[in-house]
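Visitor: Have a look at this prediction, sequence included:
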Amino acid sequence: MRRKIVAGNWKMNLTFQEAEELIEEILELLDEENAPAEVVVCPPYPYLELATDYSEEGMIKVGAQNISPFDSGAYTGEVSASMLKSMGVSYCIIGHSERRKYFNEDDKMLTAKVNQALKHGIRPIFCVGESLPEREAGRHFEVVRSHVRHGLFHLDTDEFHKVIIAYEPVWAIGTGATATPEQAEEMHSYIRTLITERYGEEIAEATIILYGGSCNSSNASEIFIKKGVDGGLIGGASLKADEFVSICRKA
Ligand code: PEP
């Protein structure tokens, strides 16, 4: 049975004080009722230590939003996988459409980031998903296949086993236009077929695939209930503790 995961991608939001308040509120709400899902918060880099300190209570895990493709050394501004690991970071979002778009992260770069994460014991949350023109042109399967193959299929079975995939249609991110539960189910099933072809059924059945894109407490249940949807990667709705915890409870 696959573990359900709900991860909050805070993106570039909140002051340090607001971040602390948000984590405290999340923990208080989770305390009231044991969340069935693994709850992950992915704050900006400067707040990671704050989050990993709170994670010692065992209620949440911490993810980073980015990771260097390099090991160590003269790469000004970069943060390495070993640094993140040494702070208690467990996950890292890689391949998010905002990084593909605004920071020109291509397959080669993403592969290097995935490799770094795995080398240092950090589980990638690897994002894949088509844009609106791609979906309208009927190219969504082709695009997602390319993201999955080029980003992940160089991994051996043991490495791949640690990867979490997030299907995030770009047209649904931050737009309020969630994929229908049927669209999510269809794409999750397609991704699992690709994994079966490459790694076999056992690995495919064990792979956690999250949905992301305008997921909130009102629509989470109908998406999470679909076969093959193992939880969510949540952007905007992860910035409000009650909303986020309510989504976690639906996973
Ligand atoms: C995201 O950016 O990963 C995301 C899912 O954002 P939102 O929930 O705001 O659409």
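Guide: Sure, I can see it.

Visitor: wait, doesn't residue 89 sit right on residue 65?
Guide: No: counting by Cβ atoms under 8 Å, residue 89 stays clear of residue 65, with 10.4 Å between them. No exception for glycine: its C-beta is placed from N, CA and C like everyone else's.

Visitor: which of those two has more neighbours?
Guide: Shown here are residue 89 and residue 65; by other Cβ atoms under 10 Å, residue 89 has more neighbours (28 against 20).

Visitor: Do a quick rundown of the strands in the stretch 101-250 of the chain.
Guide: Along the stretch 101-250 of the chain, counting by DSSP state E, counting those that start in this stretch, strands occupy 123-128, 164-167, 209-212, 231-234.

Visitor: winner for burial among those strands?
Guide: strand 231-234 (a mean of 30; mean count of other Cβ atoms under 10 Å).

Visitor: Need the CA coordinates for it. PDB is fine.
Guide: C-alpha atoms of strand 231-234 as PDB (Å, rounded to 0.1, in the frame of the first residue of the first chain):
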ATOM      1  CA  GLY A 231      -2.000  12.900  -2.400                       C
ATOM      2  CA  GLY A 232      -1.100  16.300  -3.500                       C
ATOM      3  CA  LEU A 233       1.500  19.000  -4.100                       C
ATOM      4  CA  ILE A 234      -0.200  22.100  -2.800                       C
END
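
Visitor: how about the residues of the stretch 151-251 of the chain near the ligand?
Guide: By Cβ under 6 Å from any ligand atom, the part of the stretch 151-251 of the chain that sits against the ligand consists of 168, 173, 174, 212, 213, 214, 215, 233, 234, 235, 236, 237.

Visitor: Recalculate using a threshold of 8 Å.
Guide: Counting by Cβ under 8 Å from any ligand atom, the residues of the stretch 151-251 of the chain lying close to the ligand are 166, 168, 172-175, 212-216, 232-238.

Visitor: From the chain's centroid, how far away is stretch 76-85?
Guide: 19 Å (Cα atoms, centre = their mean, to the nearest Å).

Visitor: Kindly give a single ChimeraX line that selects the buried subset of the residues of the stretch 151-251 of the chain next to the ligand.
Guide: Those of those that count as buried under 16 or more other Cβ atoms under 10 Å are selected in ChimeraX with:
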select :166,168,172,173,212,213,214,215,216,232,233,234,235,236,237,238
